[in-house]
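1. Provided below for reference: sequence and predicted model.
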Amino acid sequence: MKRIAAVLAAALLAMFAPVAQAADQYEINVILPLTGSIAFVGTTQQLAIKAVEAYVNKTGGIDGRPVSFVIQDDQGDPKTALQLAQGLIAKNVPIILGPSSPQDCAAIQPLIEPKGPVFYCLANSGHPVTGGYEFLTLFPYEAQFAVTYRYFRQRGLKKIAYIVSTDGGGQEAEAAMTSQAALPENKDLQFVDKEHFAPGDISVAAQMARIKAANPDVVIFWATGGAAGTLFRSARDAGIDLPAATSGGNMSANFFKQFGPVLPTNLYFAAVPYYAGDAVNTAATNAAIVTLTTALAAENAKPDMIQISAWDPAMVVVDALRKLGPNATAAQLHVYLNNLRGWTGVNGSYDYRTNPQRGVGESNVVMVRWDQQQSKGIAVSKLGGAPLGK
């Protein structure tokens with residue numbers, strides 16, 4: 001009987017061991033567009049998040065517990081994103097990472113304040129409440145355009161034409177372009193043409209004709225993915241091959257593979273320090289980049305702007321949980337992040353007091369030129385935008 005009891009006990013332990021192991025996991029909930037019109041963003045961010053998961057679990061997890069990033073697909077649809085967020089909030093989760101689009105994040109934002117959960121949106125467009133529960137990845141449009149203007153202005157390129165989409169993201173970008181151009185340091189800049197297009201347009205030939213006639217020094221093509229491809233294709237057809245700038249959201253292997261043949265000879269991005277190299281970055285930033293690169297190599301991938309937009313938010317959240325413990329509440333995480341200074345990630349040193357709800361700003365931005373032959377971005381400025389050599 002004793003032997004039978006021992007066998008039964010062992011069988012019961014074997015039966016319930018996987019359940020106990022699963023219960024020991026610390027789940028971090030993520031909303032991403034894995035299907036739909038911006039699936040290329042969501043699937044790229046998913047790859048980065050899974051690389052974070054593997055790295056964190058190899059280095060001790062959170063208080064010894066393995067981390068599992070539980071990802072749900074919002075299909076790039078604000079209504080779906082809202083429904084998914086409502087379900088997670090009903091479960092009283094302390095953290096939500098994602099979604100990837102400004103529209104989806106904007107749909108969720110009213111649910112977040114004033115008591116959480118911590119909501120780390122993986123889009124960089126928006127203006128969250130200072131000191132609130134919503135955080136955004138990367139630097140704001142204002143920082144991007146401040147650095148872009150500084151770089152072009154100091155190179156003597158002062159006549160600017162731009163074309164932006166008529167959707168919410170395009171309107172926000174245009175507002176940032178205008179506000180930064182109005183600063184005293186940019187008094188010598190001149191907008192010689194301002195154009196607009198609908199994201200679904202298949203041609204912008206008329207707008208490109210007006211841009212060409214305005215004779216700018218620089219053209220800003222502000223769109224991502226297929227819409228940006230339409231702009232560059234129409235510019236090529238119009239015979240426009242001027243220095244150009246575009247959204248950092250286009251700094252991905254898929255974009256360059258698809259639209260490389262129609263891109264301008266000199267295409268610039270206000271980019272993250274990953275592209276800056278040893279001459280610009282600190283040792284701590286370079287160490288974080290090595291961690292990123294190694295983790296992605298295990299997934300047969302190389303870093304790009306989209307992956308980086310998910311990597312640092314996931315890493316800073318994990319680091320917060322390691323310090324506060326796996327039982328940390330949304331309120332505790334909220335206080336921790338809003339007061340965090342000196343944390344170094346792939347994007348450099350973070351300071352959430354100086355750069356509320358993001359941690360990074362102009363001093364974390366470098367101008368990069370895309371080298372088509374070498375298939376890589378090459379830093380052409382210091383952090384902050386001053387051209388290298390000046």
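-> Here it is on my side, so go on. Everything numeric here is computed off the predicted structure, so don't read it as measured data.
2. Ignoring the adjacent residues along the chain, who's closest to the residue nearest in space to the middle of the chain?
-> Geometric centre of the chain, nearest residue: Ser309, 2.8 Å, by C-alpha atoms, centre = their mean. Nearest non-adjacent residue to Ser309, counting by C-beta to C-beta, 6 or more residues apart in numbering: Thr137, 4.7 Å away. Bear in mind the C-beta positions are built from the backbone N, C-alpha and C, glycine included.
3. Contact partners for Lys50?
-> 69, 299 (C-beta atoms under 8 Å, 6 or more residues apart in numbering).
4. quick revisit: tell me how far the residue nearest to the centre of the chain lies from Asn355.
-> 15 Å (C-beta to C-beta, to the nearest Å).
5. Got the confidence number for the residue nearest to the centre of the chain?
-> Per-residue pLDDT puts Ser309 at 95.
6. Work out for me the element it sits within.
-> helix 305-324 (DSSP states H and E).
7. after that helix, next one along is what?
-> Following helix 305-324 toward the C-terminus (DSSP H and E): helix 330-338.
8. Tell me which helix or strand comes right after that next one.
-> strand 341-345.
9. Check which helices and strands the next helix or strand after that following strand sits against.
-> Following strand 341-345 in sequence order, the next helix or strand is strand 348-351 (DSSP H and E). Using 3 or more C-beta pairs under 8 Å, 6 or more residues apart in numbering; DSSP states H and E, the elements in contact with strand 348-351 are helix 283-297, strand 341-345.
10. Just checking: what are the partner strands of the last one?
-> Right, the one you point to is strand 341-345. strand 348-351 (antiparallel) (DSSP bridges).
11. Using CSV, list the CA coordinates for the strand it pairs with.
-> Extracted in CSV, the C-alpha atoms of strand 348-351 (Å, rounded to 0.1, in the frame of the first residue of the first chain):
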residue,chain,number,x,y,z
GLY,A,348,21.0,56.4,-24.5
SER,A,349,20.4,57.8,-21.0
TYR,A,350,16.8,58.2,-19.9
ASP,A,351,15.5,61.0,-17.8
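12. which stretches of the stretch 1-150 of the chain have low pLDDT?
-> 1-23 (pLDDT under 70).
13. which stretches of it form helices?
-> 2-24, 39-58, 78-90, 102-112, 141-154 (DSSP state H, counting those that start in this stretch).
14. Point out the other helices and strands that the fourth one packs with.
-> Contact analysis of helix 102-112 by 3+ C-beta pairs under 8 Å, 6+ apart lists helix 78-90, strand 118-121, strand 134-136, helix 168-181 as its packing neighbours.
15. now with 7 Å?
-> On a contact count with 3 or more C-beta pairs under 7 Å, 6 or more residues apart in numbering; DSSP states H and E, helix 102-112 meets helix 78-90, strand 118-121, helix 168-181.
16. Give me the distance from the first one to the chain's centre.
-> Put plainly, it is helix 78-90. 21 Å (C-alpha atoms, centre = their mean, to the nearest Å).
17. circling back to that earlier point, go through the helices of the stretch 1-150 of the chain and name the closest to Pro128.
-> Proximity to Pro128 (C-beta to C-beta) singles out helix 102-112 among the helices of the stretch 1-150 of the chain, at 7.1 Å.
18. Other residues contacting the closest one?
-> 74, 78, 81-82, 85-86, 89, 99, 119, 121, 123, 125-126, 133-134, 168-169 (C-beta atoms under 7 Å, 6 or more residues apart in numbering).
19. Which of those residues are buried? Put it as a PyMOL command.
-> Typed into PyMOL, the line below selects the buried ones among the contacts of helix 102-112, using 16 or more other C-beta atoms under 10 Å:
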select buried, resi 74+78+81+82+85+89+99+119+121+123+125+126+133+134+169
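20. Could you count how many residues lie near Arg210?
-> Counted with other C-beta atoms under 10 Å, residues neighbouring Arg210 total 16.
21. so which helix or strand takes in it?
-> Judged by DSSP H and E, Arg210 forms part of helix 205-214.
22. And for that helix, what's in contact with it?
-> Contacts for helix 205-214 (C-beta under 7 Å, 6+ apart): 161, 163, 192-193, 195, 197, 219, 234-235, 237-240.
23. quick one: which of those is nearest to Gly384?
-> Val219 (22.9 Å).
24. Which secondary structure state is assigned to that closest one?
-> strand (DSSP: H, G, I helix; E, B strand; the rest coil).
25. residues touching it, list them.
-> Contacts of Val219 by C-beta under 7 Å, 6+ apart are 161-162, 211, 240, 242, 244.
26. swap the cut-off to 8 Å and go again
-> 160-163, 211, 235, 240, 242-245, 264.
27. swap in Ser203?
-> Here Ser203 is in contact with 230, 234 (criterion: C-beta under 8 Å, 6+ apart).
28. Name the nearest residue to Ser68, sequence neighbours excluded.
-> Gln25 is the one closest to Ser68 (C-beta to C-beta, 6+ apart), at 4.6 Å.
29. In contact with that neighbour, which residues?
-> Contacts of Gln25 by C-beta under 8 Å, 6+ apart are 65-68.
30. just to revisit the earlier point, just want the angle from the helix holding Ser309 to helix 39-58.
-> 30 degrees (axes from the mean of the first three to the mean of the last three C-alpha atoms, to 10 degrees).
31. Quick one: list the elements packing against helix 305-324.
-> Secondary elements touching helix 305-324 (3+ C-beta pairs under 8 Å, 6+ apart): strand 26-32, helix 39-58, strand 95-97, strand 118-121, helix 283-297, helix 330-338, strand 341-345.
32. Packed most tightly, which of these would that be?
-> strand 118-121 (a mean of 27; mean count of other C-beta atoms under 10 Å).
33. hang on, Ala301 packs against Gln46?
-> No - counting by C-beta atoms under 8 Å, Gln46 is not a contact partner of Ala301; they are 11.0 Å apart.
34. hang on, the earlier thing: among the contacts of helix 205-214, name the ones in helices.
-> 234-235, 237 (DSSP state H).
35. and the closest residue to Ile306 other than its chain neighbours, what is it in contact with?
-> Leaving out its chain neighbours, the residue that sits closest to Ile306 by C-beta to C-beta, 6+ apart is Thr44, at 4.2 Å. For Thr44, the contacting residues are 252, 254, 304, 306-307, 310, by C-beta under 8 Å, 6+ apart.
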